[in-house]
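In: Generate coordinates for the sequence data below:
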Amino acid sequence: MPSFMLLIRDGDFYSFSRDEQQKIVKEFSAWARSLNEAGCLKDADPLGNTGRVVRKNDGQITDGPYAETKEGIGGYFLIEAESIEAATEIARGCPGLHYGDAVEVRPIIDHLS
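Out: Sure thing, here's the model as predicted:
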């Protein structure tokens with residue numbers, strides 16, 4: 001079955017109060033459990049809000065990873081689905097959509113098969 005990466009583009013998680021953040025994390029955990037129970041979740045993790053960007057063209061390393069954008073990737077879900085349409089339907093259930101997040105659905109290209 002094809003695999004898809006759901007990239008959670010974080011609207012601004014850190015603008016919410018601590019209580020609201022905890023509520024959001026619980027909603028994401030419940031969603032991950034439901035995907036796991038449905039048998040389509042392969043992996044998922046939040047990403048830190050700091051990092052580095054390495055570019056070959058000028059050899060510079062900058063803080064980031066999203067110094068040029070307002071939306072950073074806050075986490076990912078690696079799922080299996082029959083098609084990109086089915087993966088998109090799964091993405092529509094992401095609780096982050098209620099808090100300003102966007103979900104980018106990307107197919108995983110299997111070069112080893």
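In: Any regions of the protein where pLDDT drops low?
Out: 55, 57-71, 113 (pLDDT under 70).
In: let's see it at 90
Out: Along the chain, the parts satisfying pLDDT under 90 run over 10-15, 46-74, 110-113.
In: The longest helix along the chain: what's the following helix or strand?
Out: Of all segments of type helix in the chain, defined using DSSP state H, the longest is helix 18-37. Proceeding N to C from helix 18-37, the next assigned helix or strand is strand 41-46, under DSSP states H and E.
In: so what does that next one touch, helix or strand wise?
Out: Counting contacts by 3 or more Cβ pairs under 8 Å, 6 or more residues apart in numbering; DSSP states H and E, strand 41-46 is packed against helix 18-37, strand 72-80. The C-beta positions use only the backbone N, C-alpha and C, and glycine is treated the same way.
In: So for Pro107, which of the ones you listed sits nearest?
Out: strand 72-80 (10.9 Å; Cβ to Cβ).
In: in that closest one, what counts as buried?
Out: Residues Gly72, Ile73, Gly74, Gly75, Tyr76, Phe77, Ile79, Glu80 are the ones in strand 72-80 that count as buried (16 or more other Cβ atoms under 10 Å).
In: Could you provide those residues in JSON lines, with additional columns for distance to Pro107?
Out: Shown next, in JSON lines, are the buried residues of strand 72-80 (distance: Cβ to Cβ, whole Å):
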{"residue": "Gly72", "distance to Pro107": "22"}
{"residue": "Ile73", "distance to Pro107": "17"}
{"residue": "Gly74", "distance to Pro107": "21"}
{"residue": "Gly75", "distance to Pro107": "19"}
{"residue": "Tyr76", "distance to Pro107": "14"}
{"residue": "Phe77", "distance to Pro107": "14"}
{"residue": "Ile79", "distance to Pro107": "11"}
{"residue": "Glu80", "distance to Pro107": "11"}
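In: Go through the residues you listed and name the one nearest Leu41.
Out: Ile79 (5.8 Å).
In: which ones are touching the closest one?
Out: Ser3, Phe4, Leu6, Leu35, Cys40, Leu41, Lys42, Ala87, Ile90 (Cβ atoms under 8 Å, 6 or more residues apart in numbering).
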